[in-house]
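Engineer: Quick one, fold the following:
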Amino acid sequence: MDELKLIAERTASVPLAESDALGSARARLMAEIAAAGTENVVPLKNRRRWVWTGVGAAGLAAAITAVVALAPAGLEPPTATADPVAVLRGAAAAALKTPDTPPKPDQFIYTKTKQPDGERESWISADGTHDGLIKMADGKSFPLPGCRNGRAQAYKGEEPLKGVMEPCTPRPGYRVDLPTDADAMFAYLNADNADHSGEKNDYNAMGKDVVALANETYLPPAVRAALFGAAAKVPGLRAVDNAKDGAGRPGVGITWPLKPEDDPKMAKPEMIVFAADTFLYLGGNGTAVTASGVVDAVGQRP
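Structural biologist: As a prediction, the model looks like this:
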């Protein structure tokens with residue numbers, strides 16, 4: 001059967017949805033396409049139309065019907081819900097396609113994030129041995145002393161303590177030390193290490209760690225893809241339609257489950273937000289990455 005005829009037959013008796021109700025359904029459709037592999041999407045020269053190959057006509061018709069059909073005629077259409085696993089897999093696929101220009105050891109990873117109290121800027125040493133800086137919204141700055149030969153300058157607030165050095169381990173902003181496999185990344189994020197802030201199987205804490213790594217570190221595409229792929233393995237994920245990041249940008253949100261003993265009135269699930277059409281990372285429920293790049297010195301901006 002002709003694909004267009006099949007789609008027409010399946011959607012002819014279905015009322016159209018309001019435009020603001022289509023966002024999550026579109027996200028679900030695009031996530032499934034992205035997760036199926038980039039080989040199934042072939043851009044035409046004019047970049048305005050797409051041809052799906054390797055997708056059965058019935059499957060494509062069902063997917064489009066899911067976007068168009070929300071409820072029988074005469075009933076209030078419910079809001080469609082995106083699949084959190086499909087969204088995260090779509091984000092992993094999108095991450096693999098991002099360009100990779102590794103920073104030099106003496107460069108810095110610059111990030112500007114929008115937070116509830118204003119904007120924060122950070123300059124983190126690519127190799128962890130050079131002195132970086134965090135500039136808070138209130139104007140205060142916090143040095144990030146580089147770790148050289150196992151020692152770093154000690155500070156009291158913003159002031160260095162003269163002649164006082166302390167033991168350290170370099171914390172590079174360019175993270176080539178992390179796994180490039182989703183299973184290995186999940187095990188890493190669930191283990192006792194510097195990038196895991198909670199106990200084993202504390203998935204909400206893992207969500208915070210994922211956001212922290214995605215925010216202010218330079219992750220090679222394979223590592224970033226593994227990060228989102230690992231997040232997709234967390235049980236109990238939930239999708240949030242029409243979510244917004246810390247800068248108010250709309251997208252699809254994914255929340256992590258709280259621990260059974262957590263008080264839902266006190267504990268707040270961590271949320272990560274992706275653009276609904278491209279699955280690019282935007283930020284968290286309290287933060288948003290508004291600028292990032294690699295610079296040669298503290299104080300510089302891309």
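Engineer: Every contact and neighbour count from this point should use C-alpha atoms.
Structural biologist: Noted.
Engineer: Okay, helices next: where are they in the protein?
Structural biologist: Assigned by DSSP state H, the chain shows helices spanning 3-11, 23-35, 57-68, 84-96, 182-189, 203-216, 221-231.
Engineer: Of these, which shows the lowest average pLDDT?
Structural biologist: Per-stretch mean pLDDT for the helices of the chain is lowest at helix 57-68 (a mean of 39).
Engineer: On the pLDDT front, check the residue nearest the centre of the chain for me.
Structural biologist: The structure's the chain has its C-alpha centroid closest to residue 281; by C-alpha atoms, centre = their mean the separation is 3.8 Å. Note on residue 281: pLDDT of 95.
Engineer: Name whatever forms a beta bridge with it.
Structural biologist: Beta-bridge pairing for residue 281 (DSSP bridges): residue 274.
Engineer: ok, now residue 112?
Structural biologist: Counting by DSSP bridges, residue 112 is bridged to residue 121, residue 291.
Engineer: Distance check, it against residue 167.
Structural biologist: 29 Å (C-alpha to C-alpha, to the nearest Å).
Engineer: quick one: which of the two has more around it?
Structural biologist: Just comparing residue 112 and residue 167: by other C-alpha atoms under 10 Å the higher neighbour count belongs to residue 112, 22 against 12.
Engineer: who's in contact with the more buried one?
Structural biologist: 119-122, 289-292 (C-alpha atoms under 8 Å, 6 or more residues apart in numbering).
Engineer: cool, residue 206 as well?
Structural biologist: Residue 206 makes contacts with 189-190, 196-198, as judged by C-alpha under 8 Å, 6+ apart.
Engineer: one more time with 10 Å, if that's ok
Structural biologist: Applying C-alpha atoms under 10 Å, 6 or more residues apart in numbering to residue 206 gives the contacts 186, 189-191, 195-200, 212, 231, 234, 256-257, 270.
Engineer: Run a quick neighbour tally on residue 178.
Structural biologist: Using other C-alpha under 10 Å: residue 178 sits among 18 other residues.
Engineer: In space, what's closest to it - neighbours in sequence excluded?
Structural biologist: In this structure, residue 178 finds its nearest non-sequential neighbour in residue 223, 6.5 Å apart by C-alpha to C-alpha, 6 or more residues apart in numbering.
Engineer: so where's the stretch 201-302 of the chain shaky on pLDDT?
Structural biologist: Applying pLDDT under 70 to the stretch 201-302 of the chain picks out residues 264.
Engineer: ok, now the stretch 51-200 of the chain?
Structural biologist: Checking the stretch 51-200 of the chain against pLDDT under 70 turns up 51-81.
Engineer: All the strands of it, in order from the start?
Structural biologist: Secondary structure of the stretch 51-200 of the chain (DSSP state E, counting those that start in this stretch): strands located at 108-115, 118-125, 132-135, 141-144, 151-156, 159-167.
Engineer: what's the longest one in contact with?
Structural biologist: It stands for strand 159-167. 142-143, 145, 147-155.
Engineer: just the residues you listed now: which is nearest residue 275?
Structural biologist: For these, the minimum distance to residue 275 (C-alpha to C-alpha) is 31.4 Å, reached by residue 142.
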